[in-house]
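build me a structure from this.
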Amino acid sequence: MNRTRFFAYLLVLGLFPGFSHAISWNKTYQAYFDSYKDVAIGQMLQYGIPASITLAQGVLESGAGQSELARKSNNHFGIKCNGWTGRKVYHDDDELGECFRAYDNALDSYVDHSLFLRNSQRYSRLFTLKKTDYKGWAKGLKACGYATSPTYASRLIEIIELYGLDQYDKGGGKTFHVSSSATLPQSLAQASRHQVIPFNDNYYVAGQQGDTFESIGRDVGVDYRRLAKFNERDKDDPIEEGERIWLKKKRRHAPKEYKGYVYRVEAGDSMYGIAQRFGIRLKNLYKMNDLSPDYVIQVGDPLRLR
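Residues are numbered from 1 along each chain as shown. Purely as a prediction, here's the structure:
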């Protein structure tokens, strides 16, 4: 994207305080983060890109969702058409009439951003970094050529630090922050061995080697029998490393940002695994898609999550 025009655009909107090094907090940015934080966390969990980086890139590239490309084409990351077979739009950028990807909704833009980074050899070295290393990711994106602005990395870092976006990379523990709409129970806030991660008006932890429902329940202060029930499992079932264990009863559907989004079944998927990934009750996932409980999903099957 042409950064001179982009920064001028932000100044007109009042979203950018000027060309000085420091930036100031504004409610438009905060509203954007509040709207898309769950989507960014979900993408981090599925593809390994720090949620803070995704949010900072999204707000910067889309002018907090107010750019013409974001409003008319749902493109929040300024991704151009290279290798794209979907719907296209044309905008003046570094050159006149450049081709950009267009999406049906913002969620599709977030998913494509993850795939764009994950599937490109250019950005492969970024995935050797820890998800908590937002500075390394920011500098790596600039070094790999994501943007032409010489201040791109520093801008991402400033935004992340000003709005505390790195909290979404770290998960739970005593330093975790949650929105006023979902208060973290005191017992969960004191969890020491597992990181408590918010998603879909709920919380989960990732299973560790040797975990059982009893050991997780003891750590987070939730009765292990209830914990197993929340996850639609038997209390004595083994827990795999990295498996998501929900700490409250799962929701009937995915967050509102997933409205209109279609998930395509991948190799190795199961209905239960997909339900766990998005924090949805298994019976509701079947019901939303008009499927009987004995249906065996196939690679490529479309599934609605909301």
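
identify the residue nearest Lys235 in space, chain neighbours excluded?
Leaving aside its chain neighbours, Lys235 sits nearest to Ala228 (4.1 Å; criterion: C-beta to C-beta, 6 or more residues apart in numbering). Where C-beta positions appear, they are placed from N, C-alpha and C, glycine not excepted.

please identify which helix or strand holds that neighbour.
Here Ala228, judged by DSSP states H and E, is contained in helix 224-230.

what helices or strands is that helix leaning on?
helix 213-220 (3 or more C-beta pairs under 8 Å, 6 or more residues apart in numbering; DSSP states H and E).

would you mark the buried spots in the helix it packs on?
Neighbour counts over helix 213-220 (16 or more other C-beta atoms under 10 Å) mark 213, 215-217, 219-220 as buried.

out of those, which one sits closest to Gln121?
Ranked by distance to Gln121 (C-beta to C-beta), the buried residues of helix 213-220 are led by Ile216 at 38.0 Å.

so which residues of the stretch 51-200 of the chain form strands?
Under the criterion DSSP state E, counting those that start in this stretch, the stretch 51-200 of the chain carries strands at the ranges 88-91, 98-101, 197-198.

what's in contact with the first one?
By that I understand strand 88-91. 68-69, 72-73, 75, 81, 97-102 (C-beta atoms under 8 Å, 6 or more residues apart in numbering).

need the max-distance pair from those.
It's Glu68 and Cys81 that sit farthest apart of the contacts of strand 88-91, by C-beta to C-beta, at 16.4 Å.

so what's the residue most central in space within the chain up against?
Nearest to the mean C-alpha position of the chain, by C-alpha atoms, centre = their mean, lies Ala40 at 1.7 Å. By C-beta under 8 Å, 6+ apart, the residues touching Ala40 are 51-52, 54-55, 58, 110, 168.

any chance of those residues in CSV, with neighbour count, distance to Lys287 and pLDDT too?
What follows is those, written out as CSV (neighbours: other C-beta atoms under 10 Å; distance: C-beta to C-beta, whole Å; pLDDT from 0 to 100):
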residue, neighbour count, distance to Lys287, pLDDT
Ala51, 29, 30, 93
Ser52, 31, 35, 96
Thr54, 29, 31, 97
Leu55, 28, 32, 97
Gly58, 25, 32, 96
Tyr110, 24, 26, 91
Tyr168, 25, 30, 87
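
buried sites along the helix holding Ala228?
224, 227-228, 230.

work out for me the element the residue nearest to the centre of the chain sits within.
Applying DSSP H and E as the criterion places Ala40 in helix 27-47.
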